[in-house]
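Participant: everything below, folded, please.
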Amino acid sequence: MAKEIPDLVAEARAGTGKGAARQARRDGKVPGIVYGNGVEPAAIAFDFNKLLTQLRKGRFMSTLWNLKVEGQEDVRVICRGVQRDVVKDLPIHIDFMRLRRTSKVNLFIPVEFINEDKCPGLRKGGTLVTVRNEVEMIVTAGDIPDHITVDLEGVDIGTSIHISSVKLPEGAKPTIDRDFVVANIAAPSALRSEGDDSEGEEAEAAAEE
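Facilitator: Next up is the predicted model:
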């Protein structure tokens, strides 16, 4: 099932160049441009406060957006640059690139765990330690997965779940080449404490010898 693409509302901006951009800022807007996909670049503007709120949520440049401009067809875009004021660190200009449905894009996809009730490690009192609650993936713009599913059935205490053991959505590929850990099943704290105590006793005995 494709992930729902969030809307990003903008308005068409008359004129280009530094003068038009300065006027947009005086009007409480952040000027921007949309380019790519064989279509002429289009000047747009965003409400400053709404855009700032989105930027502060994080992952702005790795999110696929559904750009909505009144009087125009919605278009899928990804941010390719945010210019900021060197003193205030606030956005003063923003660039977006149009994407085809077949375009490949890097996005962070959430990780979902299933079959906790069939996990021996958890039944024994172990703890699921999530190393990555989302994974950066290369996906197709027209078929973004909702999540990556990690099946915990049969996973015992002390087991690390690597990305190579996870069945990934069709067409999706991690941006990292190495076989990284997504999660692991840690031993119960009581067992860890006993292990630490025994190690301490062994160390003391060795010191006495």
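Participant: what residues are up against the most centrally placed residue in the chain?
Facilitator: Geometric centre of the chain, nearest residue: Phe108, 2.6 Å, by Cα atoms, centre = their mean. When contacts are counted by Cβ atoms under 8 Å, 6 or more residues apart in numbering, Phe108 is found next to Arg59, Ser62, Glu134, Val135, Glu136, Met137. Quick note: C-beta positions are derived from backbone N, CA and C, even for glycine.
Participant: in ChimeraX, how would I select the buried members of the residues you listed?
Facilitator: To isolate the buried subset of the contacts of Phe108 in ChimeraX, counting by 16 or more other Cβ atoms under 10 Å, use the following:
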select :135,137
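Participant: output the contacts of Phe108 in JSON lines; the columns should cover pLDDT, secondary structure and distance to Ile144.
Facilitator: Listed next are the contacts of Phe108 as JSON lines, based on pLDDT from 0 to 100; DSSP: H, G, I helix; E, B strand; the rest coil; distance: Cβ to Cβ, whole Å:
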{"residue": "Arg59", "pLDDT": "86", "secondary structure": "coil", "distance to Ile144": "13"}
{"residue": "Ser62", "pLDDT": "85", "secondary structure": "helix", "distance to Ile144": "12"}
{"residue": "Glu134", "pLDDT": "93", "secondary structure": "strand", "distance to Ile144": "13"}
{"residue": "Val135", "pLDDT": "95", "secondary structure": "strand", "distance to Ile144": "13"}
{"residue": "Glu136", "pLDDT": "93", "secondary structure": "strand", "distance to Ile144": "13"}
{"residue": "Met137", "pLDDT": "93", "secondary structure": "strand", "distance to Ile144": "9"}
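Participant: which one of the contacts of Phe108 sits closest to Thr149?
Facilitator: Closest approach to Thr149 among the contacts of Phe108 (Cβ to Cβ): Val135, at 11.6 Å.
Participant: let me see the contact set for the closest one.
Facilitator: Contact analysis of Val135 by Cβ under 8 Å, 6+ apart lists Phe108, Ile109, Val111, Ile148, Ile163, Pro174, Val182.
Participant: only the buried subset of these, as a PyMOL command please.
Facilitator: Buried residues within the contacts of Val135, by 16+ other Cβ under 10 Å, are selected in PyMOL with:
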select buried, resi 108+109+111+148+163+174+182
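Participant: quick revisit: could the contacts of Phe108 go into JSON lines alongside distance to Arg84?
Facilitator: JSON lines is the format used below for the contacts of Phe108 (distance: Cβ to Cβ, whole Å):
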{"residue": "Arg59", "distance to Arg84": "17"}
{"residue": "Ser62", "distance to Arg84": "18"}
{"residue": "Glu134", "distance to Arg84": "25"}
{"residue": "Val135", "distance to Arg84": "28"}
{"residue": "Glu136", "distance to Arg84": "23"}
{"residue": "Met137", "distance to Arg84": "28"}
